[in-house]
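>>> curious how this folds, go ahead:
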Amino acid sequence: MYPLIISLVGLLLIVMIGYNIIQQYKQKAETERRISVSKQHATITEVDELLLFSTKIPFSKALLLILKNRIRNALYIMINISPTTASYREHFADTEAQIKQIKENYVAPSPSSLQVPPNDKDAMALVQATKKIRAVLRSEHAKQKINTDLFVSENQQLEMMQLKINIEISIKRINDAKGQKQYNTAKQMTDKILKILNNLPNKDSDLEHKQQMLESVKNELSAHLTSAQKIASENQAQEQKDDAKRKDLDRLFADKQKW
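Numbers count the residues shown, from 1 in each chain. Purely as a prediction, here's the structure:
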């Protein structure tokens, strides 16, 4: 009986060990599934947030399709991970319908229609949005979802929009500095923007206009600074004369030394 009991105990241990290994494998697979689904959810959320800026940033048809296809690809992965989840399939079908609608009917606004909000906070939000969209483009290009020519074209357009937003923010700050008579600070900012524009090839009419306007501002600020420097020099010269007169009076009315 003893060998039989020992064999049964050994068999039970093997079954228990095997069961634990299977359970651990299932738990690991479930954890990996949840992580993957969570990652795709984050991708969809990020793109949805970027699409909210389509009313403020002129999206090209190609860019809009790139973003929508990114959502579609994320949903496709989620469906493969959880084939029985109906909400994923519904979302996937809605996204495919939207992609079809964009291909057939979307008319892209002109890049010149970009309107920069007067509020610094809102304008900076636009800058951050363009940076994130450019990061998405780089990611899709690295995954070979879009070809190099399309990537370069769309990235250049976004880079130009980002530059225009930054210029508008800077012009507002220059005007604020002028209003507070901080002419030196305003001139430094103006020189910085003009340096960027002077080195920029293929400027459009909007940037050409901004460059001419900033050149005029630079001349105005230079005149202010020259005038201020002249006044400061005259005041300094006058102070030196007054100081010399005070010293003469002090010597004239000083007590004579007794020898």
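>>> helices of the stretch 151-259 of the chain, start to end?
Using DSSP state H, counting those that start in this stretch, the helices found in the stretch 151-259 of the chain span residues 183-198, 205-252.
>>> which one of the ones you listed has the lowest average pLDDT?
Ranked by mean pLDDT, the helices of the stretch 151-259 of the chain bottom out at helix 205-252, with a mean of 71.
>>> report the central residue of this protein.
Geometric centre of the chain, nearest residue: Gln128, 2.3 Å, by CA atoms, centre = their mean.
>>> residues touching that one, list them.
Going by CB atoms under 8 Å, 6 or more residues apart in numbering, Gln128 touches no other residue. (Glycine included, C-beta is placed from N, CA and C.)
>>> work out for me the element it sits within.
Gln128 belongs to helix 120-142 when assigned by DSSP states H and E.
>>> for Leu12, same thing?
Counting by DSSP H and E, Leu12 is part of helix 2-51.
>>> what packs against that helix?
Here helix 2-51 touches helix 61-81, helix 120-142, going by 3 or more CB pairs under 8 Å, 6 or more residues apart in numbering; DSSP states H and E.
>>> now do the last one against helix 2-51: the angle between them, please.
This points to helix 120-142. Helix 120-142 and helix 2-51 are oriented at 130 degrees to each other (axes from the mean of the first three to the mean of the last three CA atoms, to 10 degrees).
>>> can you check the shortest one too?
For helix 61-81 and helix 2-51, the angle between their directions (the same axes, to 10 degrees) works out to 160 degrees.
>>> hmm, who's touching helix 61-81?
33, 36-37, 40-41, 43-44, 47-48, 50-51, 54, 59, 85, 88-89, 91-92, 95-96, 98-99, 102-103, 106, 108, 133, 136-137, 140, 145-146, 150, 153-154, 157-158.
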